[in-house]
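> the sequence isn't on hand, but the structure is:
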């Protein structure tokens, strides 16, 4: 019977081309937006290469120092990380790194702007960069303050074209660095690993950074097991609260978070005191639901008005033995077929749009793709959409009195 | 086969109550061909809807094969309609989105255990009986009124119901097409079906075994 209903649904949709086209446009466009947003969020928050150990990695991404009269919030300074994030129980590896922003170089008189990140050697062990040539920064480079640099593939091209890069020297803000390795490009939305040039942070001109509570550092904490997260968080928080604040301030606040938790801490945490990942998930879910509601209500409206057109059909089906349950199933299925088709169309369109974003360069090194997780989200969205927009009209249709249906009145 | 005892049915709007049937008692035997006649608004269609289990009486009793219909669930009534009753309507009521053969298959969709292949075979057979086997993939709007009504007859007989209920089946047709439809109904009657037909046309009513006349919701003959 289900097969017959499916066939009927497809026939009805084929016959009602205008309605089908309008509905498919609404569904696929809504899903397109959802899918693109989901792909972006997935790319920012979910563990993708080089964050292959993301499931057991915490980070320290922010700090807040507070007094009675005011507070300052920003990236952590080295002093806080050095005091609180080293040798935490359950942590297998810890890395500190600096976001140094854009730097300038000149090649053959041409100005090149590159994003620079300064790291330690552990950074390269926690993250799993795809090495194209040479090597990455090791303990020797770091401890000996060697002026070496790792480039991403695109930056390598900017500096050297097709020529030799390894062993060559590049000048960054007036200082020389030897190129020791080239890694595959990482999209800008992957905040932690992203850069175009990486150097050891021990090559900084001064060591003033060592005294800073707030600065341009972040830390990565690779746990032995994910189950160690709570213990690590608690110990880090205890050390931070016991840390003497800088002069003129009363409190230092910082937490060990996943990146998602950190965003929730910034959005919902009172002065960053706590993270609220549940609240952030709920907010994102609510936003998605509200976004889905608009086309859903539209489709409900379209479907309800279709009752008027199909009243006679309902009367006929009831006359020939369809129960209310049969009709409910048939009309819900019809809508689910419509929304799944819209979902598939939306998926195809999303793939095109994501490819266009990748090619456009609007988001540097974007590699958005419809992976299985995003596909799952999209189809779940389509089904939710189908059930939401189909259930009420189907219920109303199935309650229609057969005699009224035959008369063509469906009010 | 069909027994109505003191059946009353009225319709309500916000302001008025219309008595459609007033204590009608009627018995229709197995294999009988009965015509129902009367002026517009006298309750003919209401009577047919009650016999077709599409509506329920306000008072009185309706029996089908000696079984009382009162208080039956929607599912049970649907099953009875599907197994025992076929409808032919004045305005054909074909599903415009479905082609001829799909329209004829509709009653079999709700009959468990009938495969898609079997449905198609039975629908083709029914269309063959009404002389429309060459137009099975046409859509209703591609057919004449007479052809549409023949499709409707094929749909009514495809499930081999014992009872055919026809509500002014020739009302929208010219006399030649009307005669063709009457011939089909007579064939079903000759094959043993019980046929109940509402009509305004005395010539059509003359084809029946007997005529029941209604006036203002009452049986007058």
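Nice, I can see it. Treat the numbers as computed from the prediction; the structure is a model and nothing was measured.
> tell me what residue A:257 is bridged to.
residue A:59 (DSSP bridges).
> what's the spacing between it and residue A:404?
60 Å (C-beta to C-beta, to the nearest Å). All C-beta atoms are positioned from the backbone trio N, CA, C, and that covers glycine.
> residue of chain B closest to chain A, please.
residue B:82 (2.5 Å; C-beta to the nearest C-beta).
> residues contacting that residue?
Residue B:82 makes contacts with A:320-321, B:107, B:110-111, B:159, as judged by C-beta atoms under 8 Å, 6 or more residues apart in numbering or on different chains.
> check residue B:169 too.
So residue B:169 contacts B:88-90, B:149, B:152-153, B:181-182, B:185, B:197, B:199 (C-beta under 8 Å, 6+ apart).
> could you list the contact residues of the stretch 301-411 of chain A toward chain B?
The stretch 301-411 of chain A comes close to chain B at residues A:312-313, A:315-326, A:402-403, A:406, as judged by C-beta under 8 Å from any C-beta of the partner chain.
> give the PyMOL command for selecting the buried subset of these.
Per 16 or more other C-beta atoms under 10 Å in any protein chain shown, the buried members of those correspond to this PyMOL selection:
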select buried, chain A and resi 312+313+315+316+317+318+319+320+321+322+323+324+326+402+403+406
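> what helices or strands is the worst-scoring helix or strand of chain B on mean pLDDT leaning on?
Lowest by mean pLDDT, DSSP states H and E among the helices and strands of chain B is strand B:218-219, with a mean of 88. In this structure, strand B:218-219 makes packing contacts with strand B:17-28, judged by 3 or more C-beta pairs under 8 Å, 6 or more residues apart in numbering or on different chains; DSSP states H and E.
> so where's the chain uncertain?
Picking chain A for this. A:269-272, A:306-308, A:371, A:374, A:409-411 (pLDDT under 70).
> meant chain B actually
In chain B, residues with pLDDT under 70: B:221.
> other residues contacting the longest helix along it?
Identified as the longest helix of chain B according to DSSP state H is helix B:175-190. Contacts with helix B:175-190, where a contact means C-beta under 8 Å, 6+ apart, come from B:31, B:33, B:88, B:129-130, B:144-146, B:149-150, B:153, B:157, B:164, B:166, B:169-170, B:173, B:195, B:197, B:201, B:204, B:207.
> how far off centre is whatever helix or strand comes next after it?
Using DSSP states H and E, the helix or strand that follows helix B:175-190 in sequence is strand B:194-198. The gap between where strand B:194-198 is centred and where its chain is centred comes out at 7 Å by C-alpha atoms, centre = their mean, to the nearest Å.
> tell me which residues in the following helix or strand past strand B:194-198 are buried?
Per DSSP H and E, the first helix or strand lying C-terminal to strand B:194-198 is helix B:202-205. Buried residues in helix B:202-205, counted by 16+ other C-beta under 10 Å: B:204-205.
> for helix B:202-205, packing partners?
strand B:33-37.
> can you show me the helices along chain B?
Under DSSP H, chain B gives helices at B:44-51, B:74-84, B:100-109, B:116-129, B:145-157, B:175-190, B:202-205.
> ok, the stretch 51-200 of chain A next?
Ranges of helices in the stretch 51-200 of chain A, per DSSP state H, counting those that start in this stretch, are A:78-84, A:122-126, A:139-143, A:153-160.
> out of these, flag the one nearest residue A:241.
The closest of these to residue A:241 is helix A:78-84. By C-beta to C-beta, the value is 9.5 Å.
> buried residues in that closest one, which are they?
Here helix A:78-84 shows A:78-81, A:83-84 as buried, counting by 16+ other C-beta under 10 Å.
> got a markdown table for those, with distance to chain B too?
Shown next, in a markdown table, are the buried residues of helix A:78-84 (distance: C-beta to the nearest C-beta, whole Å):
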| residue | distance to chain B |
| --- | --- |
| A:78 | 71 |
| A:79 | 73 |
| A:80 | 69 |
| A:81 | 68 |
| A:83 | 73 |
| A:84 | 69 |
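> which of the helices of the stretch 51-200 of chain A is buried the deepest?
helix A:122-126 (a mean of 23; mean count of other C-beta atoms under 10 Å in any protein chain shown).
> that one packs against which elements?
strand A:91-107, strand A:217-223.
> biggest helix in chain A by residues?
Max-length helix for chain A by DSSP H is helix A:277-319.
> what sits against the residue most central in space within chain B?
Central residue of chain B (C-alpha atoms, centre = their mean): residue B:165, 2.3 Å from the mean position. With C-beta under 8 Å, 6+ apart as the criterion, the residues that contact residue B:165 are B:48, B:51-52, B:85-88, B:196-197.
> switch to 10 Å and redo it
A:319, B:2, B:36, B:47-49, B:51-54, B:81, B:85-89, B:156, B:194-198 (C-beta atoms under 10 Å, 6 or more residues apart in numbering or on different chains).
> what of residue B:44?
With the criterion set at C-beta under 10 Å, 6+ apart, residue B:44 makes contact with B:20-21, B:36-38, B:167-168, B:197-200, B:212-214, B:217.
> name the element the closest residue to chain B within chain A belongs to?
In chain A, the residue that lies nearest chain B is residue A:321 (2.5 Å; C-beta to the nearest C-beta). Using DSSP H and E, residue A:321 sits within no helix or strand.
> my guess is it contacts residue B:114. True?
No - look at residue A:321 against residue B:114 with C-beta atoms under 10 Å: they stay out of range, at 11.6 Å.
> shared neighbours, those two?
B:107-108, B:159.
> same list (those) but as a markdown table, adding distance to residue A:235.
Output for the shared contacts of residue A:321 and residue B:114, formatted as a markdown table (distance: C-beta to C-beta, whole Å):
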| residue | distance to residue A:235 |
| --- | --- |
| B:107 | 73 |
| B:108 | 71 |
| B:159 | 76 |
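> of the residues you listed, which ones also sit close to chain A?
With C-beta under 10 Å from any C-beta of the partner chain as the criterion, those include B:107-108, B:159 near chain A.
> which of those ranks first by neighbour count?
Highest neighbour count within these, by other C-beta atoms under 10 Å in any protein chain shown: residue B:107, with 31 neighbours.
> was I right about it contacting residue A:321?
Yes - counting by C-beta under 10 Å, residue B:107 does reach residue A:321; the two are 5.9 Å apart.
> okay, now residue 98: neighbour count?
No chain specified, so I'll use chain A. 20.
> if you could check chain B rather than the one you did, that'd help
Residue B:98 has 19 nearby residues by other C-beta under 10 Å.
> any idea how far it is from residue A:315?
In terms of C-beta to C-beta, residue B:98 sits 15 Å off from residue A:315.
> then residue B:71?
23 Å.
> angle of the one helix or strand residue A:19 maps to against helix A:277-319?
Assigned by DSSP H and E, residue A:19 falls within helix A:17-45. For helix A:17-45 against helix A:277-319, the angle by axes from the mean of the first three to the mean of the last three C-alpha atoms, to 10 degrees is 160 degrees.
> give me the buried positions along helix A:17-45.
Those would be A:19-20, A:23-24, A:26-28, A:30-43, A:45, for helix A:17-45 by 16+ other C-beta under 10 Å.
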